[in-house]
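[1] Could you work out the structure for the sequence below:
(2 chains)
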Amino acid sequence: MREQPGILGGDSSGTSLVELLDRVVHRGAYVSGDVVICLAGIDLVRLDLRLLLTAVQPSDVEVRP
Amino acid sequence: METDGEALYAYGITPAGLPLPAEVQALTDGGRIDRVAAGDLALLVSRVLPDELRIDEDDLSETGRLATLARGHDAVVRAAAGSGPVLPLRFGTVVPDEAAARRLLEEHAGSARAQLRRIGDNHEWGVKLVRRLDEPAVLGPRPVDRTGVSGTEYLARRRQTLHAREDDERSAAGAADLLQEALAPHVSESLRRGGSPGSSLLLDLAFLVPPERETAFLAAAAELREKLEPDGLEVEVSGPWPPYSFAALEPGDA
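    Next comes the predicted model:
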């Protein structure tokens, strides 16, 4: 984790995957309607459940290096 | 113009004048980041074949397809946020073609403009309040083994356990209040993402922080971390993030 102020460059390699997915899959503006053909063919409901399970497991509570 | 089955993966909405993020790859191989503009708004996109976005939901590992795509999505949004406000779209948003991309912008123009103004150059920071699991919630002897323990003593221990648990919950609630109060002066917006008093994740907050307040915000968070550590509570800070938790779009072009 960077935990430093500054610009948002680079990549997200310093952040845990669960934290990232929690943001990009669950958050971000959701657009519905006929303009959107699919949400990447991902079963988001199923993914939600899996992420929830992963997130509550103590081993996935983020550990600072 | 379009080849069979090709579609546009959409990353986020920016003001139309913003330069395209340089030196960042599309989330699928060989793709180039492009921009579809409608009026004063632009949608950041790259060409994809729907098959390229297929993932195995059972593979949530760092090397899995989902991780690669999600990190790719994040990299583009981050790169764009380096040069101006970006309204991130939810991972996996795909539109059939440029006409649909323009329609998406037109149908959400009013809301998108308002959101971009609100986001400005703020970054998102996450703060979690976590109860440390290695910390025994209750100090002192635990009434596990009742043999050789008198009834009175057993009840006394049991009461002690219950009191300790109540103390824990009180201190967690106090810590949550303390956290929000201490950070509020440094943020322009905050929201609660989750957490509950009964779980190890007591509180999960997201903040929109103006760049000139980031140093003060982080200093306040570090101070809280030290203050709460003796109570077996961890303050976990993550960021800076693009404003994922604050992004929302309503239809309407007002």
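
[2] and the one helix or strand in chain B whose mean pLDDT sits lowest, what does it pack onto?
    None of the helices or strands of chain B scores lower by mean pLDDT, DSSP states H and E than helix B:151-183, at a mean of 82. On a contact count with 3 or more Cβ pairs under 8 Å, 6 or more residues apart in numbering or on different chains; DSSP states H and E, helix B:151-183 meets strand B:123-131, strand B:201-209, helix B:214-228, strand B:233-241. Where C-beta positions appear, they are placed from N, C-alpha and C, glycine not excepted.

[3] Ok, which of these comes nearest B:Ile55?
    With Cβ to Cβ as the criterion, B:Ile55 lies closest to strand B:233-241 of the helices and strands packed on helix B:151-183, at 22.0 Å.

[4] Next, find the distance separating A:Tyr30 from chain B.
    Distance, A:Tyr30 to chain B, using Cβ to the nearest Cβ, to the nearest Å: 5 Å.

[5] Let me see the contact set for that residue.
    Residues near A:Tyr30 by Cβ atoms under 8 Å, 6 or more residues apart in numbering or on different chains: B:Leu89, B:Arg90, B:Ala248, B:Leu249.

[6] Show me what B:Leu41 bridges to in the sheet.
    Beta bridges link B:Leu41 to B:Pro15, B:Ala38 when assigned by DSSP bridges.

[7] Can you verify my assumption that it contacts B:Ala109?
    Yes - B:Leu41 lies in contact with B:Ala109 (Cβ atoms under 8 Å); the separation is 6.1 Å.

[8] Include mean neighbour count when you put the helices and strands packed on helix B:151-183 into TSV, please.
    Shown next, in TSV, are the helices and strands packed on helix B:151-183 (neighbours: other Cβ atoms under 10 Å in any protein chain shown):
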stretch	mean neighbour count
strand B:123-131	23
strand B:201-209	22
helix B:214-228	16
strand B:233-241	22
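
[9] Rebuild these as TSV, extending it with mean pLDDT and distance to B:Arg158.
    Formatted as TSV, those follow (pLDDT from 0 to 100; distance: least, Cβ to Cβ, whole Å):
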stretch	mean pLDDT	distance to B:Arg158
strand B:123-131	94	22
strand B:201-209	93	25
helix B:214-228	95	28
strand B:233-241	93	25
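
[10] Compare the ones you listed and give me the one nearest chain A.
    helix B:214-228 (3.2 Å; Cβ to the nearest Cβ).

[11] so the closest one versus strand B:233-241, what angle?
    Orientation check (axes from the mean of the first three to the mean of the last three Cα atoms, to 10 degrees): helix B:214-228 against strand B:233-241 gives 160 degrees.

[12] In PDB, list the C-alpha atoms belonging to helix B:214-228.
    What follows is helix B:214-228, C-alpha atoms only, in PDB (Å, rounded to 0.1, in the frame of the first residue of the first chain):
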ATOM      1  CA  GLU B 214      -3.900  14.600   1.800                       C
ATOM      2  CA  THR B 215      -0.900  15.100   4.000                       C
ATOM      3  CA  ALA B 216      -3.000  16.300   6.900                       C
ATOM      4  CA  PHE B 217      -5.500  13.600   6.300                       C
ATOM      5  CA  LEU B 218      -2.800  10.900   6.500                       C
ATOM      6  CA  ALA B 219      -1.200  12.400   9.500                       C
ATOM      7  CA  ALA B 220      -4.600  12.400  11.300                       C
ATOM      8  CA  ALA B 221      -5.100   8.700  10.300                       C
ATOM      9  CA  ALA B 222      -1.600   7.800  11.600                       C
ATOM     10  CA  GLU B 223      -2.300   9.500  14.900                       C
ATOM     11  CA  LEU B 224      -5.500   7.500  15.200                       C
ATOM     12  CA  ARG B 225      -3.700   4.300  14.400                       C
ATOM     13  CA  GLU B 226      -1.400   4.900  17.400                       C
ATOM     14  CA  LYS B 227      -4.200   5.900  19.700                       C
ATOM     15  CA  LEU B 228      -6.400   2.900  18.900                       C
END
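
[13] now that helix: how far from the chain's centre is it?
    19 Å (Cα atoms, centre = their mean, to the nearest Å).

[14] for stretch B:56-65, same thing?
    20 Å.

[15] same thing with stretch B:45-60?
    Worked out by Cα atoms, centre = their mean, stretch B:45-60 lies 21 Å from the chain centre.

[16] returning to what we had before: restricting the selection to alpha carbons, write the next helix or strand after the least confident helix or strand of chain B to PDB.
    Sequence-wise, the next helix or strand downstream of helix B:151-183 (DSSP states H and E) is strand B:189-194. Output of strand B:189-194 as PDB, limited to C-alpha atoms (Å, rounded to 0.1, in the frame of the first residue of the first chain):
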ATOM      1  CA  GLU B 189     -17.100  14.000   1.400                       C
ATOM      2  CA  SER B 190     -17.300  10.700   3.200                       C
ATOM      3  CA  LEU B 191     -19.500   7.600   3.000                       C
ATOM      4  CA  ARG B 192     -19.800   4.400   4.800                       C
ATOM      5  CA  ARG B 193     -19.000   1.400   2.600                       C
ATOM      6  CA  GLY B 194     -19.700  -1.300   5.200                       C
END
